[in-house]
Every structure is written in structure tokens, then in C-alpha cells.
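# Sequence and predicted structure, then a few things I'm wondering about:
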Amino acid sequence: MNSPAFGSVVVGVDGSPASQLAFEVATEEAVRRGAPLRVVTAFAHRIGDRGVPSDPAIVATLVTEARARYPALTVDQRLSDEVPADLLLDEAKSALVVVVGTKGAGPLREIVLGSTSLAVTTHARCPVILVRYDEEAGGVFKRSVGPVVVGVDEHGDGVAALAFAADEAMLRGTHLVAMHAYEVPRMHRAERAGSTATATETTSPATAEATAYLAETVRETQAAFPRLRIVQKVVSADPVAALLREAGQAGLVVVGTRGRSAITSMVLGSVSQDVVHRSPVPVAVVHTVSGHRRHGD
């Protein structure tokens, strides 16, 4: 089958270590959702690491093993000579979610995602789960049955991310941690430094405002998922640092991002990108306007 399959979990696989990790995550995601697994391979290019052609033998072995392990799972493949990013974006038009492996390349690995990962994450019409391959850790990412953690910012980017994260938490049989991190304005920090008041007293108005904002943002999601336990956390901290602290006990981190402008086409939001590069668990990136569908829809 060479045309996109509606309602599938799509994964880009070329046999590279990064794509093999992505395949594991995608397989588990498809099983949880009761959805078909769609394995796409650009045989003339590499979807994970760069510069080496795809390895069809490894891809075939992965597919065979998945079918044997999960007999009820529908697995189909698409082989193409298209550019990997174009191939995955075509599939993303009708996918439930796309899963892509990524690993940094050279000294810029902490700044810029791989070209395929960046293109798919920026332009896909559905949520994208990025699975980081860490060579220094032997390519092994932390597996956890912990909660789903979602970042909620003040720009409203977290609304679609909240819905996706809630769905994921229900699928995984766990709870959701909705985190809002705010930073005290510089002038307020200066005032605090010269004040005899405690940090709690000085930051309490900001904390109260942030707490009210998070509660209001979460309210609609809680109403849509009445059986889901949502833990709300408000912290005065750098958003990346706060999310990474929670990621240590999480099964998945979810972040929102804002669209497809010329700037975002070049560089994904700094928080999203920093979290992807440093998270010990997979990270789902969800656009503010997302084509996400709840399981069962």
C-alpha cells in the first residue's frame, strides 16, 4: 500500500538505531490505541541518521518481530524513493500520530534537530512523538510507567497539548501532570533582592495568578476526561528545567508549539527543542491547531 492509511500510528524506519527505538515506541502506541501500525521507509534516504542508505533487512526484521509479538496488530509498510520528510508529512495528513527517532549530530546537537525530525515536527498535521537516541547512553532511553507530563504556557499553546496528553494518560492507565512554570519578572527579582520579605511573600501574587490560569486552562480538559486524575503543578522556574525534572518520573512528556511561520519552519520553539534534546523519555509535540483525534473517535 503506497497511499496514506487513515487513523494509523505512523513511524519512519530506515534501520538506523534512532529509528529502531522509534519503532518500539510506535508499536506500543499502536497496541494501546488499537490502531494499525504504518511503517514507512524512504529506501534511497535515511530517516534517522544521515548519509547512509536505508537497510531494508533490518526494517523487515522489525516488522516480522512486531507481527509475531502482537498477532492482533495490523502492520503495513510503505516503501518510497521520496525525501523522508516529504514521505512522513504525506502520511501525517491522515495519521493519528507520527513517531520519529532523532539524535543530535555534531556540536549543534543541543541546538538543532535533525532536518527530517524538524520538518515533520514543524509541519505535520498531527501530533509527533520524538524518540531521542542517545549514543552516550548506548541508545537506551528510560522506560517508565509513570504519568504523562504536559507543559502549559501562558500563550495558550498547551490547550491542544493538554487534550492529547489527557488521551495518552487514559490510554496508559496513569494520571496526568499539568505543569505551568512561570518566571518572576526581572524587576520583581530585583525588588525581592532588596526586600526583607520572604520569597513566598514576594512571589505570592504571581503564584496566585499562575495557579488561577492553570486551573482555568485545565478545567475544560478535566470536564472532557472526568475519570482522569489531573495533578496541577505551578512552579517559579525555567520551563525547560521544570519539565525535565518531572520527566525523570514520567512515561511521556507533551509540549505545545505555535504553528508554521517562517521562523518556526527554521527553528522549533526553544522550550520544545530543549526538552526533546534532554528528556530521558519520548516527547510529543502538538501544534496549537492540531488534527489530533481521541482514541475511539
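Here it is on my side, so go on.
# Now for T116, how many residues are close by?
27 (other CB atoms under 10 Å). Any C-beta I mention is one placed from the backbone N, CA and C, and that applies to glycine too.
# now it: how far from R278?
According to CB to CB, to the nearest Å, T116 stands 20 Å off from R278.
# swap in E29?
E29 is 22 Å from R278, by CB to CB.
# Same check on R219?
Distance, R219 to R278, using CB to CB: 31 Å.
# Have a look at E29 and R278 and say which one is more surrounded.
Counted by other CB under 10 Å, E29 and R278 do not tie: E29 has more neighbours, with 23 against 16.
# Please report how far that one lies from V145.
For E29 relative to V145 (CB to CB), the value is 15 Å.
# Let me know the secondary structure of the nearest residue to Q249 once chain neighbours are set aside.
Among residues not flanking Q249 along the chain, G146 sits closest, at 4.7 Å (CB to CB, 6 or more residues apart in numbering). For G146, the assignment made with DSSP: H, G, I helix; E, B strand; the rest coil gives coil.
# pretty sure G146 is touching E246, no?
No: taking contacts as CB atoms under 8 Å, G146 lies outside contact range of E246: 9.1 Å.
# Check which helix or strand A165 maps to.
Per DSSP states H and E: A165 is located in helix 158-172.
# got the angle for the helix or strand that that helix is followed by vs helix 158-172?
Scanning forward in sequence from helix 158-172 by DSSP H and E, the next helix or strand is strand 176-182. Between strand 176-182 and helix 158-172, the angle comes out at 150 degrees (axes from the mean of the first three to the mean of the last three CA atoms, to 10 degrees).
# contacting residues around strand 176-182?
Here strand 176-182 makes contact (CB atoms under 8 Å, 6 or more residues apart in numbering) with 147-154, 158, 162, 165-166, 169, 206, 210, 213-214, 217-218, 221, 228-239, 241-243, 246, 250.
# Kindly recompute the last result at 6 Å.
147-152, 165-166, 169, 210, 214, 218, 230-235, 237, 239, 242, 246 (CB atoms under 6 Å, 6 or more residues apart in numbering).
# Now, those that are in helices?
A165, A166, A169, A210, L214, V218, P239, A242, E246 (DSSP state H).
# Isn't the second one up against F225?
Translated: A166. Yes: the criterion here is CB atoms under 6 Å, and A166 meets it with F225 at 4.7 Å.
# so where's the stretch 1-150 of the chain shaky on pLDDT?
1-6, 44-54, 104-114, 136-144 (pLDDT under 70).
# Try it again at 50.
For the stretch 1-150 of the chain, the stretches flagged by pLDDT under 50 are 49-52, 104-112.
# Now do the helices in it.
Using DSSP state H, counting those that start in this stretch, the helices of the stretch 1-150 of the chain run over 17-33, 56-69, 84-92, 115-123.
# Dump those into TSV; add distance to V254 as well.
Formatted as TSV, those follow (distance: least, CB to CB, whole Å):
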stretch	distance to V254
helix 17-33	13
helix 56-69	25
helix 84-92	17
helix 115-123	13
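# thinking again about what came up before, next, give me the two most distant ones among the ones in helices among the contacts of strand 176-182.
Maximum pairwise distance in the ones in helices among the contacts of strand 176-182, criterion CB to CB, is 22.1 Å, between A169 and A210.
# in the host helix or strand of Q273, what counts as buried?
Element membership for Q273 (DSSP H and E) is helix 270-278. By neighbour count on 16 or more other CB atoms under 10 Å, the buried set for helix 270-278 is V271, S272, Q273, D274, V275, V276, H277, R278.
# Tell me the one of those residues nearest A66?
When the buried residues of helix 270-278 are ranked by distance to A66 (CB to CB), V276 comes first, at 24.8 Å.
# That closest one against A284, yeah?
No: counting by CB under 6 Å, V276 does not reach A284; the two are 9.9 Å apart.
# Can you name the residues that contact V276?
V276 neighbours (CB under 6 Å, 6+ apart): L130, V283.
# ok, so what distance separates it from Q249?
18 Å.
# do T207 as well
T207 is 23 Å from Q249, by CB to CB.
# How about P17?
Taking CB to CB, one finds P17 at 26 Å from Q249.
# Between the two, which has more neighbouring residues?
Using other CB under 10 Å, the more surrounded residue of P17 and Q249 is P17, with 17 against 14.
# between A166 and F225, who's got more neighbours?
Each of A166 and F225 has its neighbours counted (other CB under 10 Å); A166 has more, 23 against 18.
# quick one: that one from P127, how far?
To P127, A166 is 12 Å away according to CB to CB.
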